[in-house]
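Visitor: Here's a sequence, model it:
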Amino acid sequence: MVRILPSAVVLALLGAHFAGAETNMNILRQAKVFAICQPGSTEDDVRALRDMGVDVVVRGVHGVWAQSPEQGRQGQGSKAALMALSRDLGLCFVTMITSAAIYQKDVPAGKYDAWVTRDALNRAIPVGNWHQGCLNNPEYREYVKSIARAVIDGGADGIHYDESYGKYFWMKPLPCFCDHCCEQFREYLRTKHSGGVQKARFGIEDIGGFNYRKYLAARGLGERPWDSPLHDEWWLFQLDATIRYEKEIVEDSKAYAASKYGRELVTNANQYHIATLCPVIAAESTIYDNVNVGTGWQIEYRSEAPERSRLRLPPGISFVPMYRMAHALTPDKRVSMFLDIQEPPAHFSALPPDQQGKLLEWLCAEAYAAHCYQALHYRFSLWEGPREELKRIGQFFAQHHDRYYAHTQPEAQIGVLYSFASYTWDMYPMYWTGKGRAHCREYYGICQALIDANLQFDTVFLGDGRLFPEEQPKRLRDFDILIAPSMYALTDRNLAALADYVGTGGKLVRSGPLGIVDEEKRPRTMLPPGLGSGDPGIYELRGDYEAYLGTKEPGALVDLAELLVGKLGEIPTVASRDLEANLQLHIRRCPTRDALLIDVINRDFELGRGFRPAGETDILLTLPGDYGMKGKTVRALTPDRGVPEGQVDWVPVTFSLRQPIRPGMPGPMTIGKRATVKLHLPKVDVYTLVVIE
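Guide: Presented below is the predicted three-dimensional model:
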């Protein structure tokens with residue numbers, strides 16, 4: 001049973017810090033629990049957050065939206081006592097500013113029209129009652145730097161840069177075409193392509209007088225610039241420029257804090273839906289100190305092209321694929337997610353009070369199971385979370401973090417590949433033409449199908465060689481099976497690594513096109529030997545996994561299981577024998593202590609009602625070949641109220657044949673040194689951690 005400890009005891013357990021004991025970056029590197037608290041208004045908030053086990057508040061204190069730099073300086077300065085107490089308790093509180101959203105009343109006179117983003121017809125692009133500023137404009141960049149410096153002057157220990165990717169993407173993928181963008185694009189083309197290429201490929205007679213807006217107007221493409229012969233070049237230029245200028249702004253703020261105040265500034269950004277939106281959001285991860293995914297309750301999927309739909313969580317879909325992608329992208333940085341929702345959604349408010357806390361616990365369980373973090377929803381504008389429930393949840397993960405969550409890795413023989421080169425071009429089918437397959441959605445659908453089949457997986461990130469290093473063969477060989485979800489764009493080195501993997505005995509499963517274009521979307525006529533359809537070691541999935549999120553088509557799930565389990569011999573590591581139990585299961589390994597950990601997460605959730613607990617359930621676990629039960633104990637830990645913790649009964653099981661668990665989920669069997677045991681779990685309300693050590 002989880003016990004809520006007195007505040008003093010909790011602070012001792014969590015290793016409370018005193019002034020000067022830890023730098024902000026060290027707090028971030030060692031953080032066990034995150035939260036969102038916007039705004040952070042009182043010292044009582046700081047104490048309550050620390051009492052919950054929180055180490056880092058990803059955004060809060062004073063938010064500089066619709067404010068001038070001077071207003072930001074004064075607002076942050078008014079929180080001096082709150083910041084001092086945070087430092088005394090070892091809590092890093094991150095201030096929010098916006099590096100793209102501007103209001104006319106806040107900027108210097110005469111600058112607003114010069115700074116806002118513009119479409120290909122030179123019209124200002126509105127976003128509600130405000131606009132985005134263009135980071136390609138050097139004067140506007142200096143303004144953003146002045147806002148960051150102002151809150152640093154006011155005592156900020158960290159900055160959350162909101163909407164920083166604004167000029168590259170906002171409500172629609174229409175990058176800015178202002179004079180500064182056009183001027184820099186001209187120089188980009190001049191440097192990248194010879195005069196002969198400029199003329200032959202793009203029809204540019206004189207690069208010296210080239211203006212992209214005029215180029216589009218002459219071809220009647222002002223309303224649809226994506227049909228331009230130069231649009232792929234424009235897309236890459238804007239991607240590179242956005243990241244370069246975000247980095248410039250962040251480095252300036254860090255240098256200012258260090259030189260003027262001797263302060264180590266922590267930075268993050270609002271990286272919304274990192275697995276389903278534009279590549280800038282992933283590329284930002286190279287700039288900021290932690291990956292900070294702000295999200296809603298929904299995931300997009302394709303229903304009937306070109307339409308897109310959104311599916312609400314839970315239970316139909318999981319955030320785990322997004323976490324796995326973000327962690328693969330930056331394995332050495334903390335990845336956290338917060339609910340970017342300012343008012344309580346109707347489906348949340350409709351839940352009974354105790355079920356609201358359970359839903360927030362469900363979010364945390366998925367995050368920690370994926371080696372990431374859910375920022376506890378303490379407060380966001382008009383929406384306050386259930387504090388006692390958050391306290392119970394935060395303390396559980398804080399107390400067990402170092403032993404059962406840090407230094408763990410998925411116990412998986414299946415690797416799902418994520419291609420940044422393909423991600424770069426996904427917004428064409430997603431937002432404009434409605435045609436073709438989007439790699440990022442195909443990735444998400446395949447990962448969800450693996451979760452639904454209780455087949456364990458991890459994500460492998462393939463870089464593009466420009467913004468991210470290309471993946472080396474060593475990481476690929478960690479897996480017996482690799483799945484390539486519509487990876488239509490790959491670098492030559494990506495393909496060479498995959499060919500080497502298959503050539504040395506690996507199994508590559510294709511879903512959709514593979515490497516038909518390179519990282520700049522130039523067509524490729526031939527793949528390396530061994531990667532073609534029908535070659536040994538190459539296998540194909542037939543299901544539509546982009547649409548799977550919404551349809552949950554049984555045929556796609558069966559197709560996946562028949563190939564991976566029936567044909568390729570993958571052994572399902574964990575499965576529930578109780579057909580009534582709707583449980584999501586993830587298995588992790590802790591090599592430093594030779595421990596196996598099973599995260600058991602309830603998915604039996606209904607809108608308006610909440611979670612229906614799973615009764616005592618038998619779980620089948622097929623042990624890794626180098627892991628035995630001799631001398632091991634099995635325990636259940638849970639933050640759930642009224643659910644017993646303690647020793648778990650287990651018995652060895654032998655199967656002579658694969659026995660079906662449920663459609664699309666063949667059962668485990670003993671092969672060689674691998675053995676299957678049956679664990680008898682107590683009731684699962686929302687989340688149970690099974691520990692074998």
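
Visitor: Count the neighbours of the closest residue in space to Trp383 that isn't next to it in sequence for me.
Guide: Leaving aside its chain neighbours, Trp383 sits nearest to Pro344 (4.6 Å; criterion: CB to CB, 6 or more residues apart in numbering). To be clear about C-beta, it is placed using only N, CA and C from the backbone, and glycine gets the same treatment. Neighbourhood size, Pro344 [other CB atoms under 10 Å]: 18.

Visitor: cool, and the one 10 residues further on?
Guide: One way to gauge burial is a neighbour count; for Asp354, by other CB under 10 Å, it gives 12.

Visitor: again with Pro353
Guide: 9.

Visitor: Then the one 10 residues further on?
Guide: Residues near Leu363, counting by other CB under 10 Å, number 22.

Visitor: Report the beta-bridge partner residues of the closest residue to it other than its chain neighbours.
Guide: Of all residues beyond its chain neighbours, the one nearest Leu363 is Gln374 (4.6 Å), with distances taken as CB to CB, 6+ apart. When bridges are called by DSSP bridges, Gln374 pairs up with Met337.

Visitor: For Gln374, list the residues it contacts.
Guide: 34, 336-338, 360, 363-364, 366-368 (CB atoms under 8 Å, 6 or more residues apart in numbering).

Visitor: Looks like the residue nearest to Trp383 contacts Ser381 (just checking).
Guide: No - between Pro344 and Ser381 there is no contact under CB atoms under 8 Å: 10.3 Å.

Visitor: which stretches of the stretch 451-600 of the chain form strands?
Guide: 457-462, 481-485, 507-511, 538-540, 574-576, 583-590, 595-602 (DSSP state E, counting those that start in this stretch).

Visitor: so the first one versus strand 583-590, what angle?
Guide: Our comparison of strand 457-462 with strand 583-590, counting by axes from the mean of the first three to the mean of the last three CA atoms, to 10 degrees, yields an angle of 70 degrees.

Visitor: Residues in contact with strand 457-462: which ones?
Guide: Here strand 457-462 has contacts from 321, 324-325, 327-329, 409-410, 412, 414-421, 447, 450, 468, 470-471, 475-476, 479, 482-483, 487, 490-491, 494, using CB under 8 Å, 6+ apart.

Visitor: Only the buried members of those: can you turn that into a ChimeraX selection?
Guide: Listed next is the ChimeraX selection for buried residues among the contacts of strand 457-462, using 16 or more other CB atoms under 10 Å:
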select :321,324,325,327,328,329,410,412,414,415,416,417,418,419,420,421,447,450,468,470,471,475,476,479,482,483,487,490,491,494
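
Visitor: Take the contacts of strand 457-462 and keep only those in helices.
Guide: 321, 324-325, 327-329, 420-421, 447, 450, 475-476, 494 (DSSP state H).

Visitor: export those residues to CSV and tack on pLDDT and distance to Leu527?
Guide: Formatted as CSV, these follow (pLDDT from 0 to 100; distance: CB to CB, whole Å):
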residue, pLDDT, distance to Leu527
Pro321, 96, 26
Arg324, 96, 27
Met325, 96, 25
His327, 95, 29
Ala328, 95, 24
Leu329, 93, 25
Phe420, 96, 19
Ala421, 96, 15
Cys447, 96, 25
Leu450, 94, 25
Arg475, 86, 21
Leu476, 94, 16
Asn494, 97, 11
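
Visitor: Mind putting those residues into CSV with distance to Ile281?
Guide: Listed next are those as CSV, based on distance: CB to CB, whole Å:
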residue, distance to Ile281
Pro321, 15
Arg324, 16
Met325, 11
His327, 15
Ala328, 15
Leu329, 10
Phe420, 11
Ala421, 16
Cys447, 18
Leu450, 23
Arg475, 23
Leu476, 25
Asn494, 21
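
Visitor: Tell me which of the strands of the stretch 451-600 of the chain is the most buried.
Guide: Of all the strands of the stretch 451-600 of the chain, strand 481-485 has the most neighbours on average by mean count of other CB atoms under 10 Å, namely a mean of 26.

Visitor: I'd like to know which elements it is packed against.
Guide: strand 414-419, helix 439-452, helix 492-503, strand 507-511 (3 or more CB pairs under 8 Å, 6 or more residues apart in numbering; DSSP states H and E).

Visitor: For it, which outside residues touch it?
Guide: 413-417, 419, 439, 442-443, 445-446, 457, 460, 476, 498, 501, 506-512, 514, 541, 545, 564, 568, 570.

Visitor: how about a cut-off of 7 Å?
Guide: Residues outside strand 481-485 that contact it (CB atoms under 7 Å, 6 or more residues apart in numbering) are 413-417, 439, 442-443, 446, 476, 501, 506-512, 514, 545, 564, 568, 570.

Visitor: now do stretch 200-209
Guide: 186, 189-190, 195, 198-199, 210, 229-230.

Visitor: what's the first-to-last distance across stretch 448-456?
Guide: 11 Å (CA to CA, to the nearest Å).

Visitor: scratch that, stretch 185-199 is what I was asking about
Guide: End to end - CA to CA - stretch 185-199 spans 16 Å.

Visitor: averaged over its residues, what pLDDT does it have?
Guide: Stretch 185-199 carries an average pLDDT of 97.

Visitor: For that stretch, which residues meet the burial criterion?
Guide: Buried positions in stretch 185-199, judged by neighbour count with 16+ other CB under 10 Å: 185-186, 188-189, 193, 198.

Visitor: Any idea how far it is from the middle of the chain?
Guide: 36 Å (CA atoms, centre = their mean, to the nearest Å).

Visitor: just stretch 553-562 next, same as before
Guide: Per CA atoms, centre = their mean, the centroid offset for stretch 553-562 relative to its chain is 26 Å.

Visitor: try stretch 390-407
Guide: Taking mean C-alpha positions (CA atoms, centre = their mean), stretch 390-407 and its chain are 20 Å apart.

Visitor: wait, which of the helices and strands packed on strand 481-485 is closest to Gly53?
Guide: Closest to Gly53 of the helices and strands packed on strand 481-485 is helix 439-452 (CB to CB; 27.5 Å).

Visitor: can you give me the angle the closest one makes with strand 414-419?
Guide: 170 degrees.

Visitor: From Pro279, how far off is Ser335?
Guide: Rather than Ser, residue 335 is Val. 17 Å (CB to CB, to the nearest Å).

Visitor: Let's test this: what are the backbone torsions at Glu300?
Guide: phi -80, psi 150 (degrees, to the nearest 10).

Visitor: mind checking pLDDT for the nearest residue to Ala556 once chain neighbours are set aside?
Guide: In space, Ala556 comes closest to Gly543 once its chain neighbours are excluded; the distance is 3.0 Å by CB to CB, 6+ apart. For Gly543, the pLDDT comes out at 89.

Visitor: before we move on, what about the one 5 residues further on?
Guide: Tyr548 carries a pLDDT value of 90.

Visitor: Give me the below-cutoff pLDDT ranges for the chain.
Guide: 1-21, 166-174, 303-309, 429-435, 575-581, 654-673 (pLDDT under 70).

Visitor: how's it carved up into domains?
Guide: Listed domain ranges for the chain are 99-266, 574-692 (source: automatic domain parsing).

Visitor: picking that back up, which residues sit in contact with the residue nearest to Ala556?
Guide: Taking CB under 7 Å, 6+ apart, one finds 553, 555-556, 559-560 in contact with Gly543.

Visitor: my guess is Asp604 meets Leu583, correct?
Guide: No - using CB atoms under 7 Å as the test, Asp604 is too far from Leu583 to be in contact (8.2 Å).

Visitor: how about the top helix by length along the chain: buried residues?
Guide: When the chain is parsed with DSSP H, its longest helix is helix 231-261. The neighbour-count check on helix 231-261 (16+ other CB under 10 Å) flags 231-239, 241-243, 245-246, 249-250, 252-254, 256-257 as buried.
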